[in-house]
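In: Coordinates for the following, if possible.
(one chain, ligands or ions: 2)
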Amino acid sequence: MSAPLVVVSGPSGVGKSTVVQQVLALAPEVWLSVSATTRKPRPGEVDGEHYFFVSDEAFDRLIKDDQLLEWAPFAGNRYGTPRGAVQEHRDAGIPVILEIELEGARQMRKAAKDARLVFLAPPSWEILEARLRGRGTESDESVHSRLAAAAVEMAAQGEFDDVVINTDVRLAAESLVAFLHDIR
Ligand code: ADP
Ligand code: 5GP
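Out: Ligands and ions are numbered 1, 2, ... in the order given. Reported below is the predicted structural model:
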């Protein structure tokens, strides 16, 4: 039996990274998958730790060689989950968490039938926008494109196995830890 696989999705700025970091603090045995992306690193991001930062050509090769469990374009870049590492950890009994956008989450339904898909939702649209702007990492153009994507993502909540509202980081993380421990 493979260890649980929990896929966390939700609009940019809802708090996915923050909540997932809290999950790892509460449950250090959980492994967070490291995605490949064509996006440039933000200040402080480390290659191989936050993402594998790759060229367009290298990303093409990952797709061609079937090395990605899922992948999708997002806000002008491509992001994908390396297949091998996820399976190796699950086979070793280590619960795995993925933090990915909507198209990728949809692909995971087919790519891993036993995955649990969780939508992290903001308490309100206003709070989502405030969090995205408040993070201070995005240009005005990027905020707009992420909010446009967010509207589409918010409409897809019903496709997920669970919806967790990120009002309080710790409470949201505790819900995810329960799923990673296969508590239904
Ligand atoms: P995402 O990974 O979904 O794009 P982040 O984790 O970067 O989102 O969070 C966006 C911003 O919202 C950050 O500044 C973060 O500190 C803040 N944030 C996240 N969760 C909460 C919360 N429950 N309450 C208040 N602020 C939050
Ligand atoms: P960011 O640029 O803010 O790090 O990420 C942008 C979006 O890409 C976020 O919604 C994030 O969850 C998503 N993302 C990160 N890694 C992956 C991945 O491997 N696959 C997919 N489909 N989306 C990802």
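In: what does the chain have sitting close to ligand 2?
Out: With Cβ under 6 Å from any ligand atom as the criterion, the chain meets ligand 2 at residues 12, 16, 35, 39, 70-72, 74, 79-81, 99-101, 103-104. Just so you know, the C-beta spots here come from the backbone N, C-alpha and C atoms, and that holds for glycine as well.
In: So which elements touch the longest helix belonging to the chain?
Out: Longest helix in the chain by number of residues, with DSSP state H as the criterion: helix 140-154. Contact here means 3 or more Cβ pairs under 8 Å, 6 or more residues apart in numbering; DSSP states H and E; on that basis helix 140-154 packs against helix 125-135.
In: Buried ones in the helix it packs on, by neighbour count?
Out: 127-129, 131-132 (16 or more other Cβ atoms under 10 Å).
In: With pLDDT and distance to His89 as new columns, can those be given to me in CSV?
Out: Listed next are these as CSV, based on pLDDT from 0 to 100; distance: Cβ to Cβ, whole Å:
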residue, pLDDT, distance to His89
Ile127, 96, 33
Leu128, 95, 31
Glu129, 93, 35
Arg131, 94, 30
Leu132, 91, 31
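In: Verify the stated contact: Val159 with Glu103.
Out: Quick fix: residue 159 reads Glu, not Val. No. Contact between Glu159 and Glu103 fails when scored by Cβ atoms under 8 Å: they sit 11.4 Å apart.
In: Between the two, which has more neighbouring residues?
Out: Glu103 (18 against 13; other Cβ atoms under 10 Å).
In: Pull the contacting residues for that one.
Out: Going by Cβ atoms under 8 Å, 6 or more residues apart in numbering, Glu103 touches 70, 72-74.
In: can you do 6 Å?
Out: Glu103 is in contact with Ala72, counting by Cβ atoms under 6 Å, 6 or more residues apart in numbering.
In: Secondary structure element for it, which one?
Out: helix 102-111 (DSSP states H and E).
In: List the buried residues of that helix.
Out: In helix 102-111, counting by 16+ other Cβ under 10 Å, buried: 102-108, 111.
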